[in-house]
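Student: Give the three-dimensional model of this entry:
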Amino acid sequence: MLLCAAGDIHGAIGRLYDDVLAFESALGRRFEWVLHVGDFGVWPDPDRVDKATRKHEGAGDFPSWFAGRRAVPRKTIFIKGNHEDFVWLDSRDREEILPGLFYLRNGRAMDLGKGRDVVRVGGIGGCFGPSDYERRSKHLQGYAKRHYTRDEIDELGMRSGIDVLLVHDAPAGVKFDRHRRGAGYVSEAAGLDVVLDRVRPRVCFFGHHHTRLGG
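Tutor: You can find the predicted model right below:
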């Protein structure tokens, strides 16, 4: 059983898993995997947090979890949001950040389970940035790494069998009845709608916008 979690926890990893375990208790079910749509709060060095994270809880408890190599209570896949240590994440040569915690890079996919029960998860993290979209992802430096790029969209678009698509920003054309930019705001995140059309997942999840869709 999979659980998809929204982003913007700003380092409160312990609280996230407290909520997951409480939800399990209420349902009477156990989640095999948690899928997270970005802003997981990965800041190994608390001195590197960005301004937005500093205004909330800073690096929170992630540095202590990382220093202690603490295993997460449930296996978890996350994509990057727009508030992570992107340089550190992209410099690593392993997907596993902590025991049971896996970083899904843009354009990549991971298979969960075995045999007929396999679920393939693809991801495009970060938000849309018009000035960076046409650049090669490998050329982005520093804070620009919070943006996804066309070559990452194309890479994922060539993958087959994607069951679940995780994106941080909302695909272009998604309309919000309520939004911080005004009622009726429509996402302009180019490329995410393209990859949706190419891979045709069974379900797509996104975060970033701090609001809900539907009733």
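Student: Break down the protein into its strands, ranges please.
Tutor: Listed in chain order, the strands of the chain (DSSP state E) span residues 2-5, 33-36, 75-78, 96-98, 101-103, 109-112, 119-124, 164-167, 175-176, 185-186, 203-205.
Student: Let me have the ones you listed in CSV, extended by mean pLDDT and mean neighbour count.
Tutor: Where you see a C-beta, it was placed from the backbone N, CA and C, and this is true even at glycine. Formatted as CSV, those follow (pLDDT from 0 to 100; neighbours: other Cβ atoms under 10 Å):
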stretch, mean pLDDT, mean neighbour count
strand 2-5, 62, 18
strand 33-36, 95, 22
strand 75-78, 96, 22
strand 96-98, 96, 16
strand 101-103, 97, 22
strand 109-112, 96, 16
strand 119-124, 97, 24
strand 164-167, 96, 25
strand 175-176, 78, 16
strand 185-186, 78, 14
strand 203-205, 93, 17
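Student: In JSON lines, list these along with distance to residue 56.
Tutor: Compiled in JSON lines, the strands of the chain are given as follows (distance: least, Cβ to Cβ, whole Å):
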{"stretch": "strand 2-5", "distance to residue 56": "17"}
{"stretch": "strand 33-36", "distance to residue 56": "17"}
{"stretch": "strand 75-78", "distance to residue 56": "18"}
{"stretch": "strand 96-98", "distance to residue 56": "21"}
{"stretch": "strand 101-103", "distance to residue 56": "21"}
{"stretch": "strand 109-112", "distance to residue 56": "29"}
{"stretch": "strand 119-124", "distance to residue 56": "24"}
{"stretch": "strand 164-167", "distance to residue 56": "22"}
{"stretch": "strand 175-176", "distance to residue 56": "22"}
{"stretch": "strand 185-186", "distance to residue 56": "23"}
{"stretch": "strand 203-205", "distance to residue 56": "22"}
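Student: just so I know, which of these lies nearest residue 132?
Tutor: For the strands of the chain, proximity to residue 132 was assessed by Cβ to Cβ; strand 119-124 is nearest, at 13.6 Å.
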